[in-house]
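*Asks:* mind folding the following:
(chains A and B)
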Amino acid sequence: MTLVTRATGLLAAVVLALAGCSDAGGSSEEATLAVDRESTSSTGAPTTEATTTTSAEPPVIISAGDSIIYDVSPVLVDALDPDVARVVPLVAPAMADASTSVLRQRIVDERADLTILMVGVWERVHETAGGHELGEPGFREEYRAEALDPLRDAAAQVGGDVLLLGPPHLRDSTAEAQINQLEASWREYAAEVSNVDFIDADTWLGDHAGFIEITPTNDGQTVRLRRLDGIHLCEEGVRRIAAGLMEFLSEMLASPPHAGWEQGDWTSRFPADECPPVT
Amino acid sequence: MLRRIRPRRAALVAAAALLLVIAACGDDDATSASSDDGGRVDDVAALAAMLDGIGNGCELEYEGLTDDQREVSICTLGDEVAELAVWSDVDALDELRASAEGSGDPVVTGSNWSIDVTGAELADQVAEATGGRVTS
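*Replies:* Below is the predicted model of the structure:
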C-alpha cells in the first residue's frame, strides 16, 4: 500500500467516524483542525467535510534496539532534516515480550515507514516459549514465529519496512559466536520476506574478521572504535556506523544528511573513562 | 533492498483527527486503566533495589536508557534475564498490560513500572517482593 492510499483511507475513516458519532456537535475543538464543518442539514444536524493540509508529512523512521544503537540513534536525529524524516529513538534491549510489544505498538501508532532494529547482546540468551535456546533444535522456527514474524507483520500492517542491523563484533568469543548465529538467521529471514532487510554493522565499522578496539586511520594515526567493556561504541565507532546508515537512508529518502553531522552535539556523549584517548 | 521512502501527505493529520473524533464519541467517564498495585517508583535503580531478596538480587547491567515512553534497564534475576522499565507514558504501560493478558508470558506491573520475566514462578516472586501485579 502506498503512503498516498494510506492517507486516503484515513480520511475516509475520519468521515465515517464522524458520521457514526451520535453527538458530533459535542466533539472536541481540536477535531476541527482537520475537519471543517461547512454546512448544516435541514434537520439541523451538522454535516461534515474533511479537509487536510497540503504540506507533505515527513516519513517516520524508528531507530530501536539495545544500548549499542542507543548511542547511534541521536546521530540520526541530528543529521536528518526533520522535513526529510522524523526519527523516533526507542529502547528495546531484546525482542523479549515487553520490548517487542512496545515496539510493535509504536510501529503501528507512528505508522513507521522504516524500523531500524539492532539487538544482540541480550537477544542471544533468548529462550523461546517452547523452552528452546539459541542453537537448540526448534529454536529457529519458534524464534521466527514469536520474534521476527510479529515485528515484520506490524510493519507490513502500516506499509512499512524493517532493517535488521547486526551488532558489531564483541570481544567475548562465546557471545560473538552466538551473535553470529543470530545474524545468520536474520540474514536468512531477510532473504525470504519482502519488507525486511539485513545489514551487518561490522561492514561499516571496518573490514575486520573480529573484534577490534583501536584501529589505524588513513593518515597514520590510530583511533578508538570501542569502549573498554568490549561491547559498546566510542565516538569514531558511532560515526562509522552512522555514516553507513546515513548512506542507506539517503538513498531511501533521496536526500542527504546535514553537512557537518559528523561533528554534531552527539560527540559529547562518550565518557572519557570508557573511551580513553589512544596513546 | 528496501523500497525508497516518499513523504506522506497529511496521513498523520488525518490519523490524529480520527483519534480525536473517536475520543470525542467515547464515554466521558472513561478513565485510564492504570493499576495502583505496587505503587510508583522514581527510576529503574529503585525498582532493582526492590528485588534484592530474590536470588543474588538484580544488578543492573547499565544505567537506565531513556526514550519518550520509558526508562529501561536489564539484570539477571535468578537464572533469567529481567527487563525493568519505569514508564513516563502510562498509557503505553496500559497497552503493555493489555497485550500480556492471556499471553501466558508474565509481566509484573505497578502504577508506573513493569518487570518482564519468562517464568511464572519468578514472576510470583517478583510480585511478592514489589507488591506488583502479575499479568499473563
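
*Asks:* okay, CA-based contacts and neighbour counts for the rest of this
*Replies:* Will do.

*Asks:* where in the stretch 1-150 of chain A is pLDDT low?
*Replies:* A:1-55, A:96 (pLDDT under 70).

*Asks:* how about the residues of the stretch 101-250 of chain A by chain B?
*Replies:* Contact residues (Cα under 8 Å from any Cα of the partner chain) of the stretch 101-250 of chain A with chain B: A:101, A:102, A:113, A:129, A:161, A:195, A:196, A:197.

*Asks:* which parts of chain B are helices?
*Replies:* B:11-25, B:44-49, B:90-100, B:120-130 (DSSP state H).

*Asks:* in the third one, what's buried?
*Replies:* Right, helix B:90-100. B:90, B:92, B:93, B:94, B:95, B:96, B:97, B:99, B:100 (16 or more other Cα atoms under 10 Å in any protein chain shown).

*Asks:* and of those residues, the nearest to residue A:211?
*Replies:* If you rank these by distance to residue A:211 using Cα to Cα, residue B:96 comes first, at 36.6 Å.

*Asks:* in which helix or strand would I find the residue in the stretch 151-279 of chain A positioned nearest to chain B?
*Replies:* Chain B sits closest to residue A:252 of the stretch 151-279 of chain A, with a gap of 4.1 Å, by Cα to the nearest Cα. Residue A:252 is part of helix A:235-253, with elements assigned from DSSP states H and E.

*Asks:* any idea which helix or strand in chain B has the lowest mean pLDDT?
*Replies:* helix B:11-25 (a mean of 46; mean pLDDT, DSSP states H and E).

*Asks:* low pLDDT regions in chain B?
*Replies:* Using pLDDT under 70, chain B drops low at B:1, B:8-37.

*Asks:* got the contact list for residue A:143?
*Replies:* residue A:128 (Cα atoms under 8 Å, 6 or more residues apart in numbering or on different chains).

*Asks:* Three-state assignment for it, please.
*Replies:* helix (DSSP: H, G, I helix; E, B strand; the rest coil).

*Asks:* mind checking how far it is from chain B?
*Replies:* 15 Å (Cα to the nearest Cα, to the nearest Å).

*Asks:* and residue A:232, what does it touch?
*Replies:* Residue A:232 neighbours (Cα under 8 Å, 6+ apart): A:67, A:68, A:226.

*Asks:* tell me which of the residues you listed fall in helices.
*Replies:* Per DSSP H, those never map to helices.

*Asks:* of those residues, which is the most crowded?
*Replies:* residue A:226 (26 neighbours; other Cα atoms under 10 Å in any protein chain shown).

*Asks:* backbone torsions only: list them for the residue nearest to residue B:78 when sequence neighbours are not counted.
*Replies:* Closest residue to residue B:78 apart from its sequence neighbours, by Cα to Cα, 6 or more residues apart in numbering or on different chains: residue B:55 at 5.1 Å. Dihedral angles of residue B:55 (phi, psi; degrees, to the nearest 10) stand at phi 50, psi -130.

*Asks:* do you know how far residue B:55 is from residue A:74?
*Replies:* 36 Å (Cα to Cα, to the nearest Å).

*Asks:* for residue A:183, same thing?
*Replies:* 24 Å.

*Asks:* what do you get for residue A:150?
*Replies:* Distance from residue A:150 to residue A:74, by Cα to Cα: 26 Å.

*Asks:* more neighbours, the two?
*Replies:* Between residue A:150 and residue A:74, residue A:74 has the larger neighbour count (other Cα under 10 Å), namely 20 against 15.

*Asks:* gap between residue A:226 and residue B:40?
*Replies:* 37 Å.

*Asks:* so what pLDDT did residue A:217 get?
*Replies:* Model confidence at residue A:217, given as pLDDT, is 87.
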